[in-house]
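In: predicted model and sequence follow; I will ask about them next.
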Amino acid sequence: MLFDSLMGMFSVDMGIDLGTCNTLVCVRGEGIVLNEPSVVAVRKGTNQVLQNGNAVGLVAKEMLGKTPGSIAAVRPLKDGVIADFDITEAMLGYFIRKVHGGRGRLVRPRVVIAVPSGITAVEKRAVFGSAERAGARRVYLIEEPMAAGIGSNLPIAEARASMIVDIGGGTTEVAVMSLADVSVAESIRVAGDDMDEAIIAHMKRTYNLQIGPQTAEWLKIEIGSAAPLDQEVSVDVRGRDMISGLPRKTVVTSQEIRDALREPISHILDAVTHTLESCEPELAADLVDNGIHLCGGGALLRGLDEVISDGTGLTVKVVDDPLSCVARGTSVYLENLSEWKDTLDSDHHNL
Ligand code: ADP
Ligand code: MG
């Protein structure tokens, strides 16, 4: 361990939030140094990564606009499961090399990676192996809700319960933690992407208007909500008429978008109540005072805290900077590796 700590002084140790939408990398002493979409550009119809694996993240997104014909965007973790191991490896390797290579250090890095609590042992091993092949000296995996709890300064190491609801792009992770361990957790494949899809379906059904996923996400962020707004608004939406096939625009209101979002939101609320029901009574009792903490990009949906609070009777708070708390958590974890060593080693054995 001492040797490892010494080596740590010369290497760029990093914490990675490997999200279904966005990957963030933190470096000890520097904070968040990389924040890019979890996207890889591949040759259309194949799983061949472009340009020796360099068409990843922002680069992949940029390329897409310019050569739409032959290139496709792949989100290898879209549903919180690794759809393609090779593409995931190319992506993780690219991010690790980008952060490490740019800093000119000789010693290989130690890497802490936050993974969704729902992923299988096989997938864990794949992430682990990918990071090793990308040049990591040691790899530690941490469950995403734990990292979120640490990153949001929740007292997760204490003998009282904290609850995290992390609403990402592909998955929502709900977990109750105490004594630095996850006590009950549920991971569902309903999150931000499903809200976008619900908006697309609504536009089709109501207006015969086809809109793309980016427009749907924009609508969600601009006027989307889970609870009534003080001032309801409306915006112009452009898309393609499904009957004539021609471009056209229409007006949609925030009430309509809220109605469209009702279904994915009810699934998220169900996961929260279900987790509360399977919680030990003593831990449940703690939550009466400690409440629920929301994080992930989906936590930014207006009024979601209110709806979850109404549905559970508990206080609900959105953590500070909900998009980066998992990454910040991995970095705190990294700084305290020696303290967490026991949990880490047992993590290793679980692989
Ligand atoms: P992941 O951890 O799965 O990569 P993130 O935590 O980065 O996901 O969150 C991405 C999701 O958050 C996307 O579905 C995005 O549309 C959504 N999102 C981001 N900002 C907002 C916002 N202001 N309101 C609602 N949803 C948002
Ligand atoms: Mg996440």
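Out: Cool, the structure landed. Ligands and ions are numbered 1, 2, ... in the order given.
In: just the CA coordinates for the helix or strand where Val25 lies, please, in PDB.
Out: Using DSSP states H and E, Val25 maps to strand 22-27. What follows is strand 22-27 as a C-alpha-only set of coordinates in PDB (Å, rounded to 0.1, in the frame of the first residue of the first chain):
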ATOM      1  CA  ASN A  22     -22.200  11.200 -20.300                       C
ATOM      2  CA  THR A  23     -18.700  10.200 -19.100                       C
ATOM      3  CA  LEU A  24     -16.900  12.400 -16.700                       C
ATOM      4  CA  VAL A  25     -13.400  12.000 -15.500                       C
ATOM      5  CA  CYS A  26     -11.900  13.600 -12.300                       C
ATOM      6  CA  VAL A  27      -8.200  13.800 -11.600                       C
END
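In: any residue of that strand touching ligand 1?
Out: Yes - with CB under 6 Å from any ligand atom as the criterion, ligand 1 is reached by strand 22-27 at Asn22. Using the backbone N, CA and C atoms, a C-beta is placed for each residue, glycine as well.
In: okay, now the sheet partners of that strand, with direction.
Out: Strands adjacent to strand 22-27 in the sheet, as given by DSSP bridges, are strand 14-18 (antiparallel), strand 31-37 (antiparallel).
In: can you say which of these is nearest to ligand 2?
Out: Shortest distance between ligand 2 and the strands paired with strand 22-27, using CB to the ion, is found for strand 14-18: 5.9 Å.
In: what mean pLDDT does the closest one have?
Out: With pLDDT averaged residue by residue, strand 14-18 scores 95.
In: and that strand, how far out from the chain's middle?
Out: With CA atoms, centre = their mean, to the nearest Å as the basis, the distance from the averaged C-alpha position of strand 14-18 to the chain average is 11 Å.
In: does anything pack onto the helix ranked longest in the chain? Which helices or strands?
Out: For the chain, the helix reaching the highest residue count under DSSP state H is reported as helix 254-277. Identification of packing neighbours for helix 254-277 by 3 or more CB pairs under 8 Å, 6 or more residues apart in numbering; DSSP states H and E yields strand 162-167, strand 172-178, strand 181-188, helix 192-207, helix 213-223, helix 304-312.
In: what's the angle between the first one and strand 181-188?
Out: Read it as strand 162-167. When axes from the mean of the first three to the mean of the last three CA atoms, to 10 degrees is applied, the directions of strand 162-167 and strand 181-188 differ by 30 degrees.
In: next, count neighbours for Arg43.
Out: Using other CB atoms under 10 Å, Arg43 has 13 neighbouring residues.
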